[in-house]
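A.B. asks: Here's a sequence, model it:
(one chain, ligands or ions: 2)
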Amino acid sequence: MYLPSFNLEGKLAVVTGSTKGIGRAIALAYAEAGANVILISRTETELLRVKSEIEAYGRKAYTICSDVKDYSYIIEQVDFIIGQTPIDIWVNNAGMNIRSEALDVTEDEWDRIVDINMKSSFFLAQAAAKRMKNYKQGKIINISSVGGHVALPTGVVYAMTKSALIQMTKNLAMECGKYGINVNAIGPWYFPTSLTEKLLEDKQYVSDILSRTPLNRLGKLEELAGTAVFLGSEASNYITGQTIFVDGGMTIYGF
Ligand SMILES: NC(=O)C1=CN([C@@H]2O[C@H](COP(=O)(O)OP(=O)(O)OC[C@H]3O[C@@H](n4cnc5c(N)ncnc54)[C@H](OP(=O)(O)O)[C@@H]3O)[C@@H](O)[C@H]2O)C=CC1
Ligand SMILES: C[C@H](O)[C@@H]1OC(=O)[C@H](O)[C@@H]1O
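C.D. replies: Ligands and ions are numbered 1, 2, ... in the order given. Now for the predicted structure:
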(Lines give C-alpha, C1' and ligand atoms only; values in the text may rest on other atoms or scores of the structure.)
(Ligands and ions follow the chains in the order given, each with its own letter.)
Protein backbone atom coordinates (compact mmCIF):
# COMPACT_ATOMS: atom_id res chain seq x y z
CA MET A 1 0.00 0.00 0.00
CA TYR A 2 1.56 3.25 -1.12
CA LEU A 3 -1.33 5.60 -0.45
CA PRO A 4 -1.55 6.29 3.30
CA SER A 5 -4.92 7.42 4.57
CA PHE A 6 -5.96 11.08 4.45
CA ASN A 7 -9.23 9.95 5.98
CA LEU A 8 -10.03 11.24 9.51
CA GLU A 9 -12.99 8.89 9.99
CA GLY A 10 -13.88 8.55 13.68
CA LYS A 11 -11.07 10.80 14.90
CA LEU A 12 -11.61 13.60 17.42
CA ALA A 13 -10.09 17.00 16.70
CA VAL A 14 -9.91 20.06 18.93
CA VAL A 15 -9.58 23.37 17.07
CA THR A 16 -9.13 26.60 19.01
CA GLY A 17 -10.56 29.74 17.46
CA SER A 18 -12.82 27.70 15.18
CA THR A 19 -15.85 29.89 14.50
CA LYS A 20 -14.31 32.18 11.89
CA GLY A 21 -11.57 32.30 9.27
CA ILE A 22 -8.80 29.72 9.26
CA GLY A 23 -10.02 27.84 12.36
CA ARG A 24 -13.53 27.40 11.01
CA ALA A 25 -12.15 26.25 7.64
CA ILE A 26 -9.97 23.66 9.38
CA ALA A 27 -12.86 22.46 11.57
CA LEU A 28 -15.17 22.04 8.57
CA ALA A 29 -12.46 20.31 6.52
CA TYR A 30 -11.89 17.91 9.42
CA ALA A 31 -15.61 17.16 9.56
CA GLU A 32 -15.66 16.62 5.80
CA ALA A 33 -12.72 14.21 6.21
CA GLY A 34 -14.67 12.25 8.85
CA ALA A 35 -13.66 13.74 12.20
CA ASN A 36 -15.75 14.85 15.14
CA VAL A 37 -14.71 18.30 16.34
CA ILE A 38 -14.50 20.24 19.61
CA LEU A 39 -14.93 23.94 18.77
CA ILE A 40 -13.52 26.67 20.97
CA SER A 41 -14.12 30.42 20.75
CA ARG A 42 -15.47 33.29 22.87
CA THR A 43 -18.84 33.71 21.15
CA GLU A 44 -21.61 31.21 21.95
CA THR A 45 -23.85 32.07 18.99
CA GLU A 46 -21.03 31.57 16.51
CA LEU A 47 -20.04 28.28 18.17
CA LEU A 48 -23.59 27.00 17.77
CA ARG A 49 -23.63 28.09 14.11
CA VAL A 50 -20.45 26.16 13.28
CA LYS A 51 -21.66 23.22 15.40
CA SER A 52 -24.68 22.94 13.08
CA GLU A 53 -22.44 23.16 10.04
CA ILE A 54 -20.38 20.22 11.32
CA GLU A 55 -23.45 18.19 12.26
CA ALA A 56 -24.67 18.69 8.68
CA TYR A 57 -21.72 16.48 7.67
CA GLY A 58 -23.08 13.79 10.00
CA ARG A 59 -20.32 14.41 12.50
CA LYS A 60 -20.46 15.20 16.20
CA ALA A 61 -19.51 18.71 17.29
CA TYR A 62 -18.96 19.98 20.82
CA THR A 63 -18.55 23.60 21.89
CA ILE A 64 -16.45 25.29 24.57
CA CYS A 65 -17.15 28.98 24.98
CA SER A 66 -13.94 30.37 26.40
CA ASP A 67 -10.96 32.62 25.83
CA VAL A 68 -7.86 30.47 25.21
CA LYS A 69 -6.11 32.37 27.96
CA ASP A 70 -8.42 30.43 30.33
CA TYR A 71 -6.66 27.25 29.23
CA SER A 72 -7.23 25.42 32.55
CA TYR A 73 -10.98 25.81 32.11
CA ILE A 74 -10.71 24.67 28.50
CA ILE A 75 -8.84 21.53 29.49
CA GLU A 76 -11.41 20.76 32.21
CA GLN A 77 -14.15 21.05 29.59
CA VAL A 78 -12.23 18.92 27.07
CA ASP A 79 -11.70 16.21 29.72
CA PHE A 80 -15.43 16.28 30.49
CA ILE A 81 -16.27 15.85 26.79
CA ILE A 82 -13.71 13.15 25.95
CA GLY A 83 -14.05 11.02 29.11
CA GLN A 84 -11.85 7.97 28.42
CA THR A 85 -11.55 8.54 24.64
CA PRO A 86 -8.45 9.94 22.92
CA ILE A 87 -7.82 13.34 21.43
CA ASP A 88 -6.42 12.53 17.99
CA ILE A 89 -5.69 16.06 16.72
CA TRP A 90 -5.20 19.36 18.55
CA VAL A 91 -4.98 22.57 16.50
CA ASN A 92 -3.71 25.71 18.24
CA ASN A 93 -5.25 28.22 15.86
CA ALA A 94 -6.64 31.08 18.00
CA GLY A 95 -4.45 34.13 17.71
CA MET A 96 -4.61 37.86 17.65
CA ASN A 97 -2.57 40.89 16.71
CA ILE A 98 -2.27 44.51 17.79
CA ARG A 99 -0.34 46.13 14.99
CA SER A 100 2.02 48.86 16.20
CA GLU A 101 5.54 50.02 15.44
CA ALA A 102 8.21 48.49 17.68
CA LEU A 103 8.99 51.88 19.25
CA ASP A 104 5.36 52.33 20.24
CA VAL A 105 4.64 48.89 21.74
CA THR A 106 3.19 49.07 25.26
CA GLU A 107 3.49 46.49 28.02
CA ASP A 108 -0.25 45.91 27.88
CA GLU A 109 -0.07 45.15 24.13
CA TRP A 110 2.87 42.81 24.79
CA ASP A 111 1.02 40.97 27.54
CA ARG A 112 -2.19 40.57 25.50
CA ILE A 113 -0.51 39.24 22.35
CA VAL A 114 1.93 36.97 24.21
CA ASP A 115 -0.80 35.56 26.48
CA ILE A 116 -3.00 34.47 23.57
CA ASN A 117 -0.53 33.58 20.83
CA MET A 118 2.26 32.01 22.86
CA LYS A 119 1.40 31.19 26.51
CA SER A 120 -2.05 29.72 25.79
CA SER A 121 -0.78 27.78 22.77
CA PHE A 122 2.02 26.24 24.84
CA PHE A 123 -0.09 25.17 27.82
CA LEU A 124 -2.85 23.83 25.58
CA ALA A 125 -0.26 21.88 23.55
CA GLN A 126 1.23 20.58 26.81
CA ALA A 127 -2.21 19.42 28.01
CA ALA A 128 -2.95 17.79 24.65
CA ALA A 129 0.37 15.96 24.69
CA LYS A 130 -0.20 14.70 28.25
CA ARG A 131 -3.44 13.11 27.07
CA MET A 132 -2.12 11.85 23.76
CA LYS A 133 0.84 10.22 25.55
CA ASN A 134 -1.56 7.71 27.18
CA TYR A 135 -2.65 6.53 23.73
CA LYS A 136 0.86 6.60 22.20
CA GLN A 137 -0.39 8.70 19.29
CA GLY A 138 -1.61 12.18 18.42
CA LYS A 139 -1.13 15.17 16.15
CA ILE A 140 -0.53 18.68 17.45
CA ILE A 141 -0.70 21.47 14.85
CA ASN A 142 0.29 25.06 15.69
CA ILE A 143 -0.82 27.90 13.46
CA SER A 144 2.17 30.21 13.12
CA SER A 145 2.64 32.73 10.30
CA VAL A 146 5.11 33.72 7.62
CA GLY A 147 5.44 36.67 9.97
CA GLY A 148 7.26 34.34 12.33
CA HIS A 149 9.84 33.56 9.65
CA VAL A 150 10.43 36.83 7.79
CA ALA A 151 9.99 40.44 8.91
CA LEU A 152 6.60 41.95 8.06
CA PRO A 153 5.22 45.40 8.95
CA THR A 154 2.48 43.84 11.08
CA GLY A 155 4.01 44.12 14.51
CA VAL A 156 7.16 42.85 16.21
CA VAL A 157 5.38 41.24 19.18
CA TYR A 158 3.06 39.23 16.94
CA ALA A 159 6.11 38.20 14.88
CA MET A 160 7.97 37.10 18.02
CA THR A 161 5.02 34.97 19.17
CA LYS A 162 4.67 33.33 15.75
CA SER A 163 8.40 32.66 15.61
CA ALA A 164 8.17 31.17 19.09
CA LEU A 165 5.48 28.76 17.86
CA ILE A 166 7.87 27.52 15.16
CA GLN A 167 10.54 26.79 17.77
CA MET A 168 7.99 25.37 20.23
CA THR A 169 6.93 22.98 17.45
CA LYS A 170 10.50 21.73 17.05
CA ASN A 171 11.14 21.25 20.79
CA LEU A 172 7.78 19.56 21.46
CA ALA A 173 8.33 17.31 18.43
CA MET A 174 11.75 16.33 19.76
CA GLU A 175 10.43 15.56 23.27
CA CYS A 176 7.12 13.96 22.29
CA GLY A 177 8.29 11.74 19.44
CA LYS A 178 8.88 8.91 21.94
CA TYR A 179 5.17 9.07 22.80
CA GLY A 180 4.18 8.70 19.14
CA ILE A 181 3.00 12.31 18.98
CA ASN A 182 3.63 14.39 15.84
CA VAL A 183 3.97 18.15 16.36
CA ASN A 184 3.98 20.40 13.29
CA ALA A 185 3.10 23.98 12.37
CA ILE A 186 1.48 25.79 9.50
CA GLY A 187 2.72 29.24 8.48
CA PRO A 188 0.06 31.05 6.46
CA TRP A 189 0.71 34.08 4.28
CA TYR A 190 -2.31 36.35 3.79
CA PHE A 191 -5.77 34.80 3.77
CA PRO A 192 -8.95 36.90 3.73
CA THR A 193 -10.42 36.68 7.24
CA SER A 194 -11.74 39.09 9.84
CA LEU A 195 -8.21 39.37 11.25
CA THR A 196 -6.88 40.70 7.95
CA GLU A 197 -10.03 42.37 6.61
CA LYS A 198 -8.91 45.94 7.30
CA LEU A 199 -5.40 45.35 5.92
CA LEU A 200 -6.74 43.80 2.73
CA GLU A 201 -9.05 46.75 2.07
CA ASP A 202 -5.92 48.78 1.31
CA LYS A 203 -5.30 48.27 -2.42
CA GLN A 204 -1.66 49.37 -2.17
CA TYR A 205 -1.05 46.88 0.66
CA VAL A 206 -2.58 44.06 -1.38
CA SER A 207 -0.42 45.10 -4.34
CA ASP A 208 2.65 44.96 -2.06
CA ILE A 209 1.60 41.48 -0.88
CA LEU A 210 1.10 40.19 -4.43
CA SER A 211 4.41 41.69 -5.61
CA ARG A 212 6.13 39.36 -3.13
CA THR A 213 3.99 36.32 -3.95
CA PRO A 214 5.11 34.11 -6.88
CA LEU A 215 1.57 32.67 -7.26
CA ASN A 216 0.40 36.30 -7.43
CA ARG A 217 -2.78 35.82 -5.38
CA LEU A 218 -4.00 35.54 -1.79
CA GLY A 219 -4.61 32.10 -0.36
CA LYS A 220 -8.00 30.40 -0.26
CA LEU A 221 -9.05 29.04 3.14
CA GLU A 222 -9.64 25.57 1.71
CA GLU A 223 -6.02 25.51 0.50
CA LEU A 224 -4.84 26.00 4.06
CA ALA A 225 -7.38 23.56 5.51
CA GLY A 226 -6.01 20.90 3.15
CA THR A 227 -2.59 21.21 4.79
CA ALA A 228 -4.24 20.82 8.19
CA VAL A 229 -6.03 17.66 7.03
CA PHE A 230 -2.72 16.27 5.72
CA LEU A 231 -0.95 17.03 9.01
CA GLY A 232 -3.86 15.54 10.97
CA SER A 233 -3.91 12.35 8.92
CA GLU A 234 -1.81 9.18 8.77
CA ALA A 235 -0.29 10.52 5.56
CA SER A 236 1.98 12.74 7.69
CA ASN A 237 2.95 10.11 10.28
CA TYR A 238 6.68 10.45 9.57
CA ILE A 239 6.66 14.26 9.58
CA THR A 240 7.30 16.08 12.85
CA GLY A 241 8.83 19.35 14.00
CA GLN A 242 8.20 20.95 10.63
CA THR A 243 6.54 24.21 9.63
CA ILE A 244 4.74 24.15 6.31
CA PHE A 245 4.44 27.64 4.86
CA VAL A 246 1.20 27.94 2.91
CA ASP A 247 2.30 31.16 1.30
CA GLY A 248 2.04 31.17 -2.51
CA GLY A 249 5.84 31.03 -2.57
CA MET A 250 6.38 34.21 -0.58
CA THR A 251 9.02 32.88 1.82
CA ILE A 252 11.24 31.63 -1.01
CA TYR A 253 11.01 34.84 -3.06
CA GLY A 254 14.28 36.62 -2.63
CA PHE A 255 13.89 39.28 -5.34
N1 LIG B 1 -5.62 35.44 8.18
C2 LIG B 1 -4.34 35.47 7.87
O3 LIG B 1 -3.93 36.02 6.84
C4 LIG B 1 -3.33 34.85 8.78
C5 LIG B 1 -3.68 34.31 10.02
N6 LIG B 1 -2.70 33.70 10.78
C7 LIG B 1 -3.04 33.09 12.05
O8 LIG B 1 -4.13 32.21 11.87
C9 LIG B 1 -4.90 32.14 13.08
C10 LIG B 1 -6.35 32.42 12.77
O11 LIG B 1 -6.41 33.69 12.16
P12 LIG B 1 -7.74 34.19 11.40
O13 LIG B 1 -8.58 33.04 11.01
O14 LIG B 1 -7.26 35.13 10.37
O15 LIG B 1 -8.44 35.00 12.58
P16 LIG B 1 -9.95 35.48 12.77
O17 LIG B 1 -9.85 36.66 13.66
O18 LIG B 1 -10.63 35.59 11.46
O19 LIG B 1 -10.63 34.27 13.60
C20 LIG B 1 -10.12 34.02 14.87
C21 LIG B 1 -10.93 32.93 15.49
O22 LIG B 1 -10.42 32.69 16.79
C23 LIG B 1 -11.37 33.08 17.79
N24 LIG B 1 -10.61 33.76 18.83
C25 LIG B 1 -9.95 34.94 18.71
N26 LIG B 1 -9.35 35.24 19.88
C27 LIG B 1 -9.65 34.23 20.73
C28 LIG B 1 -9.32 33.95 22.08
N29 LIG B 1 -8.56 34.79 22.78
N30 LIG B 1 -9.78 32.82 22.63
C31 LIG B 1 -10.55 31.96 21.92
N32 LIG B 1 -10.88 32.16 20.62
C33 LIG B 1 -10.43 33.28 20.06
C34 LIG B 1 -12.40 33.94 17.07
O35 LIG B 1 -13.68 33.86 17.65
P36 LIG B 1 -14.10 34.83 18.89
O37 LIG B 1 -13.56 36.20 18.58
O38 LIG B 1 -15.58 34.75 18.92
O39 LIG B 1 -13.44 34.25 20.11
C40 LIG B 1 -12.39 33.29 15.70
O41 LIG B 1 -13.13 32.09 15.73
C42 LIG B 1 -4.26 33.15 14.03
O43 LIG B 1 -3.38 32.48 14.91
C44 LIG B 1 -3.46 34.06 13.11
O45 LIG B 1 -2.35 34.63 13.76
C46 LIG B 1 -1.39 33.63 10.38
C47 LIG B 1 -1.02 34.18 9.18
C48 LIG B 1 -1.95 34.83 8.31
C1 LIG C 1 0.67 37.24 7.63
C2 LIG C 1 0.43 37.82 8.99
O3 LIG C 1 0.35 36.83 9.95
C4 LIG C 1 -0.80 38.66 8.95
O5 LIG C 1 -0.39 39.94 9.44
C6 LIG C 1 -1.31 40.44 10.30
O7 LIG C 1 -1.23 41.50 10.91
C8 LIG C 1 -2.36 39.53 10.56
O9 LIG C 1 -2.35 39.41 11.95
C10 LIG C 1 -1.99 38.27 9.78
O11 LIG C 1 -1.79 37.26 10.72
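
A.B. asks: List the contacts of residue 42.
C.D. replies: 65, 66, 67 (CB atoms under 8 Å, 6 or more residues apart in numbering). In short, each C-beta sits where N, CA and C put it, glycine included.

A.B. asks: Provide a PyMOL selection command restricted to the buried entries of those.
C.D. replies: Those of those that count as buried under 16 or more other CB atoms under 10 Å are selected in PyMOL with:
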select buried, resi 65+66
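
A.B. asks: Can you lay out the contacts of residue 42 as JSON lines showing pLDDT and secondary structure?
C.D. replies: Supplementary listing: these in JSON lines, determined by pLDDT from 0 to 100; DSSP: H, G, I helix; E, B strand; the rest coil:
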{"residue": "65", "pLDDT": "98", "secondary structure": "strand"}
{"residue": "66", "pLDDT": "98", "secondary structure": "coil"}
{"residue": "67", "pLDDT": "98", "secondary structure": "coil"}
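
A.B. asks: can you tell me which of the contacts of residue 42 are up against ligand 1?
C.D. replies: residue 67 (CB under 6 Å from any ligand atom).

A.B. asks: Tell me the one of the contacts of residue 42 nearest ligand 2?
C.D. replies: Proximity of those to ligand 2 (CB to the nearest ligand atom) peaks at residue 67, which lies at 17.6 Å.

A.B. asks: Show the residue spans covered by the strands in the stretch 51-200 of the chain.
C.D. replies: According to DSSP state E, counting those that start in this stretch, the stretch 51-200 of the chain carries its strands in the segments 61-65, 89-92, 138-143, 181-188.

A.B. asks: Pipe those into JSON lines and attach distance to residue 38 per row.
C.D. replies: JSON lines is the format used below for these (distance: least, CB to CB, whole Å):
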{"stretch": "strand 61-65", "distance to residue 38": "5"}
{"stretch": "strand 89-92", "distance to residue 38": "9"}
{"stretch": "strand 138-143", "distance to residue 38": "14"}
{"stretch": "strand 181-188", "distance to residue 38": "18"}
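
A.B. asks: so who does residue 244 touch?
C.D. replies: Residues near residue 244 by CB under 8 Å, 6+ apart: 184, 185, 186, 187, 227, 231.

A.B. asks: Go again with 6 Å.
C.D. replies: 186, 227 (CB atoms under 6 Å, 6 or more residues apart in numbering).

A.B. asks: Right, I'll leave it there.
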